[in-house]
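[1] coordinates only, sequence not included:
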Ligand SMILES: [Zn+2]
C-alpha cells in the first residue's frame, strides 16, 4: 500500500461507529488524474483508498478520519453517510468516458482490503454498497460491470441466489417499493432506485422497470435479512 495523503477530510462526529463500506469508480481518464483531484483542496472530494487497475492500493485518508466521497446520500434512514463509512475508489473511466470491466488484479486487491475493513469494524453485509445504491438519482458507480457476485463469494456483501423456474410465489408487485425501502434504498424516485438495485443485483437487466426477476431477487434478499 502506498500513502498519497489528501488534505480533504475532517473528523468523524463523536459517537458514530463505522458501519458502512462504499465502492466507487473514479470516472476519470487515469489513476493519476483521479489522485490529483482527490488531493486538490478546491475539489473538496476524497476517499480513504484508491485502487488502480494494476491492483496498487493508495491510501488517501486515514480510516479514523471522515473522507468526502458519498455526497448527498441515503441508506436505511441515514443521510450522513460520510460520517459512518469507508470509501474505496476503483480506477475506471466510467460510463461518461469509457466504462470497462474491472481487471482481476484490481478486484483481488479490493477483496483483500475490503475483508480487512469488514473484520475491523464488523460491517454488516447489507451495508456494503455501491455509490449508486446510496445516491440513485445522481450516481451510476461502480456500475453493472462490478462483480458483486464474486465479492459475495468472498464474504463481501449479500448475493441472493434465485431459481427463476420456481416463480409461482411472485406475490404482489406493489410490495416491491416497500421492500426496496425496507432493504435500505431511498425510493422517492422509484425508477432511479430500481435501476440502482438492478446495477447491483441484476447487472444483465438494468432497465429501471420492475419486472418479475427484479421483484423475485429483492424478495429473496429480504428473506436473507
Ligand atoms: Zn462515486
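    Right, received. Where do you want to start? Model, not experiment: these values are computed from the prediction. Numbers count the residues shown, from 1 in each chain.
[2] residue 22: what secondary structure?
    strand (DSSP: H, G, I helix; E, B strand; the rest coil).
[3] equivalent analysis for residue 66, please.
    Under three-state DSSP, residue 66 comes out as strand.
[4] test my guess that it contacts residue 82.
    Yes - with contact defined as CB atoms under 8 Å, residue 66 reaches residue 82; the gap is 5.4 Å. Where C-beta positions appear, they are placed from N, C-alpha and C, glycine not excepted.
[5] show me which residues of this structure sit near the ion.
    24, 131, 141 (CB under 5 Å from the ion).
[6] what count of nearby residues applies to the second one?
    It refers to residue 131. By other CB atoms under 10 Å, the residues close to residue 131 number 26.
[7] ok, now which ones touch it?
    Each residue near residue 131 by CB atoms under 8 Å, 6 or more residues apart in numbering is listed here: 22-24, 69-70, 139, 141-142.
[8] also residue 221?
    Contacts of residue 221 (CB under 8 Å, 6+ apart): 158, 160, 183, 201.
[9] mind checking how far it is from residue 52?
    Residue 221 is 32 Å from residue 52, where distance means CB to CB, to the nearest Å.
[10] now the lowest-mean-pLDDT helix or strand in the chain: buried residues?
    Here the helix or strand of the chain ranked lowest by mean pLDDT, DSSP states H and E is helix 212-224, holding a mean of 91. For helix 212-224, a neighbour-count test (16 or more other CB atoms under 10 Å) marks 213-221 as buried.
[11] where do the helices sit along the protein?
    31-38, 81-84, 104-121, 131-134, 148-153, 175-183, 190-201, 212-224 (DSSP state H).
[12] state the mean pLDDT of the fifth one.
    Same thing as helix 148-153. For helix 148-153, mean pLDDT rounds to 97.
[13] and if you look at the first one?
    In this model, helix 31-38 has an average pLDDT of 98.
[14] tell me what it is packed against?
    When contacts are defined as 3 or more CB pairs under 8 Å, 6 or more residues apart in numbering; DSSP states H and E, helix 31-38 sits against strand 49-51.
[15] parallel or antiparallel, list what pairs with the strand it packs on.
    Note on strand 49-51: by DSSP bridges, its sheet partners are strand 57-59 (antiparallel), strand 85-90 (parallel).
[16] centre of the chain versus that strand, how much separation?
    14 Å (CA atoms, centre = their mean, to the nearest Å).
[17] which among the contacts of residue 221 gets closest to the ion?
    Using CB to the ion, residue 201 comes nearest to the ion of those, at 18.3 Å.
[18] not counting its neighbours along the chain, what's nearest that closest one?
    residue 217 (5.1 Å; CB to CB, 6 or more residues apart in numbering).
[19] so what's residue 51 bridging to?
    residue 57, residue 90.
[20] and it, what does it touch?
    57-58, 88-91, 106, 109-110, 113.
[21] just the pLDDT for the residue most central in space within the chain.
    By CA atoms, centre = their mean, the chain has its centre lying nearest to residue 130, at 1.3 Å. You'll see residue 130 listed with a pLDDT of 98.
[22] what separates it from residue 117, distance-wise?
    On the measure of CB to CB, residue 130 and residue 117 end up 15 Å apart.
[23] got a list of contacts for stretch 144-155?
    Against stretch 144-155 from outside (CB under 8 Å, 6+ apart): 23, 25, 90, 99-102, 107, 110-111, 114-115, 118, 125, 128, 130, 157-159, 198-201, 203-204, 206.
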